[in-house]
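*Asks:* make a model of this:
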Amino acid sequence: MAYEKELEVGIEAVLSAAKLCQAVRKDIPDHIEKQDRSPVTVADFGSQAIICRALAQAFPKDPVVGEEDASAFNSPEMSEQVAQVTEYVKQEIANVSTDDVTEWINHGNGEPSERFWTLDPIDGTKGFLRGDQYAIALALIEEGEIKVGILGCPALSLDLPFDHQGLLFVAVRGEGTKVRPLDKDEFTTVGVTSPNDEEHLRFVESVEAAHGDQSLQSAIAQKAGITSSSLRMDSQAKYGAVASGSAALYLRLPSPKQPDYRENIWDHAAGVIVVEEAGGRTSDMYGKPLDFSAGTKLFQNRGVVVSNGSIHEPVLAALGDAT
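*Replies:* Numbering: from 1, shown residues only. Now for the predicted structure:
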């Protein structure tokens with residue numbers, strides 16, 4: 001198996017981070033605010049600390065491009081949250097100090113290079129806070145191509161051979177996509193839905209209206225032959241729904257209020273390889289492959305289209321007519 005060590009280290013780290021996130025969510029923490037006003041919890045920081053520590057120890061030469069940094073730890077009003085982060089991390093890693101946690105979080109402040117990891121410690125923080133979907137998303141990128149993707153979805157349950165809440169998706173380039181319950185080391189290979197599966201011919205989109213043009217997304221889905229109402233969920237769990245055959249399409253089109261917005265790489269990298277290795281297709285709204293070599297954002301792309309493959313061209317055609 002290619003990337004065996006990377007997969008082993010990544011899976012163990014994501015599972016440990018998922019335990020921390022579940023522990024934090026049980027305690028229903030207050031949230032603080034990042035400068036862009038989106039909520040962030042102690043779970044974001046704790047998750048990033050755990051995963052970055054594991055990557056730094058196993059692959060010290062690999063930069064990690066993560067969403068969070070520990071600069072907020074320096075403010076006096078953050079002292080309570082800093083102590084909380086440290087205590088939650090201690091539940092997973094013994095003998096931890098606040099300095100250790102700060103160092104590990106800041107290991108995620110790397111820059112994209114020939115080989116690097118990208119991490120969203122909690123994708124869908126608003127979903128996390130309201131008790132809905134969120135994901136821990138980790139991907140390895142080499143020379144602009146995603147090689148490994150690990151997607152932990154602690155609140156997700158889908159139409160799978162096993163009925164279980166809490167799923168882990170993993171994909172290695174050229175080796176397919178597998179899924180397992182978070183608490184059982186039993187992987188099942190998954191694939192996208194067929195064009196004849198009318199029950200699952202539906203699309204998923206973000207809960208938050210600000211995350212895309214929902215009216216256009218609905219119109220495009222209908223033109224592509226999808227008549228069912230959308231399934232709305234937070235985070236890259238949407239990629240898991242498409243990869244597992246529970247949905248056929250995920251659209252994230254630029255909001256009219258932010259027409260020039262470009263997506264962060266950590267918001268999509270893990271999900272992209274999970275869908276592609278399950279037999280699906282990803283692109284931007286013009287059909288261009290998503291370019292993960294341009295920096296921390298998808299600067300060369302506008303919008304994201306994720307599908308089971310068979311409906312991708314009809315979706316692109318509908319987008320071309322509508323835009």
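*Asks:* which positions within the strand or helix carrying Leu168 qualify as buried?
*Replies:* Using DSSP states H and E, Leu168 sits within strand 167-172. Judged by neighbour count using 16 or more other C-beta atoms under 10 Å, the buried positions of strand 167-172 are 167-172. C-beta here means a position set from N, CA and C on the backbone, and glycine is covered the same way.
*Asks:* in the sheet, which strands lie alongside it, parallel or antiparallel?
*Replies:* Paired with strand 167-172 in the same sheet, following DSSP bridges, are strand 145-153 (antiparallel), strand 177-181 (antiparallel).
*Asks:* what sits closest to Ile146 if chain neighbours are left out?
*Replies:* The spatially closest residue to Ile146, leaving aside those adjacent along the chain, is Ile273, at 4.3 Å (C-beta to C-beta, 6 or more residues apart in numbering).
*Asks:* what pLDDT does that neighbour get?
*Replies:* If you check Ile273, the pLDDT there is 98.
*Asks:* for Tyr286, phi and psi?
*Replies:* For Tyr286, the backbone dihedrals (degrees, to the nearest 10) come out as phi -110, psi 0.
*Asks:* just the helices in the chain please.
*Replies:* 4-26, 42-58, 79-90, 98-106, 125-130, 214-223, 237-243, 269-276, 312-322 (DSSP state H).
*Asks:* what is the least confident helix or strand in this structure?
*Replies:* Lowest on mean pLDDT, DSSP states H and E among the helices and strands of the chain sits strand 32-33, with a mean of 68.
*Asks:* endpoints of stretch 190-200, how far apart?
*Replies:* The straight-line separation of the ends of stretch 190-200 (C-alpha to C-alpha, to the nearest Å) is 14 Å.
*Asks:* hmm, who's touching it?
*Replies:* Contacts to stretch 190-200, defined as C-beta atoms under 8 Å, 6 or more residues apart in numbering, come from residues 159-160, 169, 177-179, 201, 242-248, 275, 278-280, 307-311.
*Asks:* which ones are touching Pro154?
*Replies:* Neighbour list for Pro154: 18, 21-22, 134, 136, 165-166, 182 [criterion: C-beta under 8 Å, 6+ apart].
*Asks:* in JSON lines, list those along with neighbour count and pLDDT.
*Replies:* Listed next are the contacts of Pro154 as JSON lines, based on neighbours: other C-beta atoms under 10 Å; pLDDT from 0 to 100:
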{"residue": "Ala18", "neighbour count": "22", "pLDDT": "98"}
{"residue": "Cys21", "neighbour count": "27", "pLDDT": "95"}
{"residue": "Gln22", "neighbour count": "14", "pLDDT": "94"}
{"residue": "Tyr134", "neighbour count": "33", "pLDDT": "96"}
{"residue": "Ile136", "neighbour count": "33", "pLDDT": "98"}
{"residue": "Gln165", "neighbour count": "13", "pLDDT": "85"}
{"residue": "Gly166", "neighbour count": "17", "pLDDT": "94"}
{"residue": "Leu182", "neighbour count": "19", "pLDDT": "95"}
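*Asks:* which one of those is nearest Gln222?
*Replies:* Using C-beta to C-beta, Tyr134 comes nearest to Gln222 of those, at 28.7 Å.
*Asks:* just checking, the closest one touches Val24?
*Replies:* No - between Tyr134 and Val24 there is no contact under C-beta atoms under 8 Å: 11.0 Å.
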